[in-house]
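Undergrad: Just need the structure, nothing else, for what follows:
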Amino acid sequence: MFKILIAATPVLFSKFFTVADREAVLAAIPKGTRRVVFVDNPATAHLIATVESLVSKGIVVIVRDHHDVLNPRNPREKEIANAANRVRELVGVNALISNRQANPACSGLIQVGEFAGKGTVIVADPDPDGLTAAMKASGLVYEGLDTDAATLDGARSEQTAERLTPIALLLVKGLGSLPPFDVNRPQLSEDAKSKLFQEFVAAASGDKVALDGLNLKVEAYEAGVKVAEGIASEASEPAPGVVMVNAAGKPRHDLTTLTQRMESCTGCRVTVVRKDSGPIAAKHGGVQYSLAVVKAVQAEINLQELLTPGFTSSPESGIISNTSFLLHVSQEVWESQVLPALRARFAA
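TA: So this is what the prediction gives:
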């Protein structure tokens with residue numbers, strides 16, 4: 001978890017995967033806070049517990065999110081929908097929880113400056129969609145923010161100069177220059193992301209020094225592009241239409257470039273990156289497999305169907321999945337469930 005100020009409004013950035021996440025957020029909310037606004041935080045058991053704690057203290061809780069599931073098709077989707085409904089029960093009309101089909105970006109659920117003001121704390125998902133939503137909620141916007149937000153929360157391969165404003169492209173390149181998550185030094189990557197988010201907010205408000213700082217990160221980004229191209233050149237195909245690379249132990253690399261190169265492989269439908277960073281890697285021997293469905297076939301492929309019905313989504317279980325087209329798993333889950341299911345699903 002980390003904290004920045006956006007137009008004088010304190011914003012906490014955190015996932016809600018663990019008890020520690022919940023406790024860190026609750027501890028960071030100062031005394032005298034009258035309202036806490038959650039933006040772009042998917043409903044989880046730990047988010048629900050956080051909301052329950054705040055409501056019990058008489059704090060007004062507002063939720064703006066777009067991770068609900070219409071017509072759940074499997075146990076995980078039902079779990080997500082049930083969690084969203086529980087949040088609605090807790091905060092009533094203060095919960096506006098949509099889905100990604102209706103609202104590709106969380107900022108679309110928020111009016112400019114809707115949650116600015118003293119006594120308010122915003123809690124956001126620590127990604128570009130959470131950041132742009134928090135900016136809009138605090139009253140700081142720039143031309144093209146909503147369109148940028150939808151692109152930034154979509155397929156990495158589409159985060160290009162043709163689809164993003166120049167400043168949003170600098171954010172993408174800045175994210176590509178961040179140090180990877182190190183389980184032994186987790187604060188290193190969080191501090192770097194905090195600084196990047198602060199620079200982006202300042203640059204968006206017209207701060208030339210901050211804009212220069214973002215531009216300085218481009219050189220590191222370009223180096224990461226070359227590394228990504230090298231990783232992609234060694235891609236394998238563990239199942240028909242499944243393109244996989246091994247990024248574990250490799251220097252920092254640009255994920256957008258890596259995704260674009262993988263998706264350009266003939267017949268690619270699913271990409272898989274084996275890496276040594278991420279919340280699952282931190283809990284399962286330093287290895288995590290991250291899968292994504294190519295956008296053109298997302299309506300046809302549900303990665304959650306590769307798993308044993310009734311699975312639990314958490315770093316401890318070795319599975320994280322809040323949408324049907326993204327999935328993160330441990331080595332054991334990859335070998336015992338996901339890889340066999342992929343081969344069965346895409347058998348020639």
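Undergrad: Show the residue spans covered by the strands in this protein.
TA: 2-6, 9-13, 35-39, 60-65, 95-97, 120-124, 236-239, 242-246, 270-275, 288-293, 319-323, 326-329 (DSSP state E).
Undergrad: I'd like the ones you listed laid out as TSV, including mean pLDDT and distance to Asp191.
TA: For the C-beta atoms, the positions are set from N, CA and C on the backbone; glycine is no exception. TSV is the format used below for those (pLDDT from 0 to 100; distance: least, Cβ to Cβ, whole Å):
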stretch	mean pLDDT	distance to Asp191
strand 2-6	97	7
strand 9-13	98	12
strand 35-39	98	22
strand 60-65	98	26
strand 95-97	98	31
strand 120-124	98	17
strand 236-239	97	35
strand 242-246	98	28
strand 270-275	98	21
strand 288-293	98	21
strand 319-323	92	23
strand 326-329	97	23
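Undergrad: Out of these, the one nearest Ala341 is which?
TA: For the strands of the chain, proximity to Ala341 was assessed by Cβ to Cβ; strand 236-239 is nearest, at 9.1 Å.
Undergrad: in its sheet, what does the closest one sit against?
TA: Here the strand partners of strand 236-239, with direction, are listed using DSSP bridges: strand 242-246 (antiparallel).
Undergrad: got the angle between the strand it pairs with and strand 270-275?
TA: Strand 242-246 and strand 270-275 are oriented at 10 degrees to each other (axes from the mean of the first three to the mean of the last three Cα atoms, to 10 degrees).
Undergrad: Rebuild the strands of the chain as JSON lines, extending it with distance to Ser313 and mean neighbour count.
TA: Output for these, formatted as JSON lines (distance: least, Cβ to Cβ, whole Å; neighbours: other Cβ atoms under 10 Å):
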{"stretch": "strand 2-6", "distance to Ser313": "23", "mean neighbour count": "18"}
{"stretch": "strand 9-13", "distance to Ser313": "20", "mean neighbour count": "22"}
{"stretch": "strand 35-39", "distance to Ser313": "18", "mean neighbour count": "25"}
{"stretch": "strand 60-65", "distance to Ser313": "16", "mean neighbour count": "22"}
{"stretch": "strand 95-97", "distance to Ser313": "17", "mean neighbour count": "19"}
{"stretch": "strand 120-124", "distance to Ser313": "20", "mean neighbour count": "24"}
{"stretch": "strand 236-239", "distance to Ser313": "23", "mean neighbour count": "15"}
{"stretch": "strand 242-246", "distance to Ser313": "22", "mean neighbour count": "21"}
{"stretch": "strand 270-275", "distance to Ser313": "18", "mean neighbour count": "23"}
{"stretch": "strand 288-293", "distance to Ser313": "14", "mean neighbour count": "22"}
{"stretch": "strand 319-323", "distance to Ser313": "5", "mean neighbour count": "21"}
{"stretch": "strand 326-329", "distance to Ser313": "9", "mean neighbour count": "24"}
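Undergrad: quick one, which of those strands is nearest to Val172?
TA: Distance to Val172, taken as Cβ to Cβ, is lowest for strand 288-293 among the strands of the chain, at 16.2 Å.
Undergrad: Ser264 is nearest to which of the strands of the chain?
TA: Comparing the strands of the chain by their distance to Ser264 (Cβ to Cβ), the top pick is strand 242-246, with 9.2 Å.
Undergrad: Can you give the distance of the closest one from its chain's centre?
TA: Average the C-alpha atoms of strand 242-246, do the same for its chain, and the two points are 21 Å apart (Cα atoms, centre = their mean, to the nearest Å).
Undergrad: what angle separates that strand from strand 288-293?
TA: 150 degrees.
Undergrad: Start from the N-terminal end of this protein and give the helices.
TA: 19-28, 45-56, 75-91, 128-138, 145-152, 166-176, 186-204, 208-232, 255-263, 279-283, 331-333, 339-345 (DSSP state H).
Undergrad: Looking at the ones you listed, which is nearest to Val293?
TA: Using Cβ to Cβ as the measure, helix 255-263 is the one of the helices of the chain that comes nearest Val293, at 10.3 Å.
Undergrad: Export that closest one to PDB, keeping only CA atoms.
TA: Taking Å, rounded to 0.1, in the frame of the first residue of the first chain, the C-alpha atoms of helix 255-263 are listed here in PDB:
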ATOM      1  CA  LEU A 255       5.200  -5.900 -20.800                       C
ATOM      2  CA  THR A 256       3.400  -4.100 -23.500                       C
ATOM      3  CA  THR A 257       6.100  -4.900 -26.100                       C
ATOM      4  CA  LEU A 258       6.300  -8.500 -24.800                       C
ATOM      5  CA  THR A 259       2.500  -8.900 -25.200                       C
ATOM      6  CA  GLN A 260       2.500  -7.400 -28.600                       C
ATOM      7  CA  ARG A 261       5.200  -9.700 -29.800                       C
ATOM      8  CA  MET A 262       3.500 -12.800 -28.300                       C
ATOM      9  CA  GLU A 263       0.100 -11.900 -29.800                       C
END
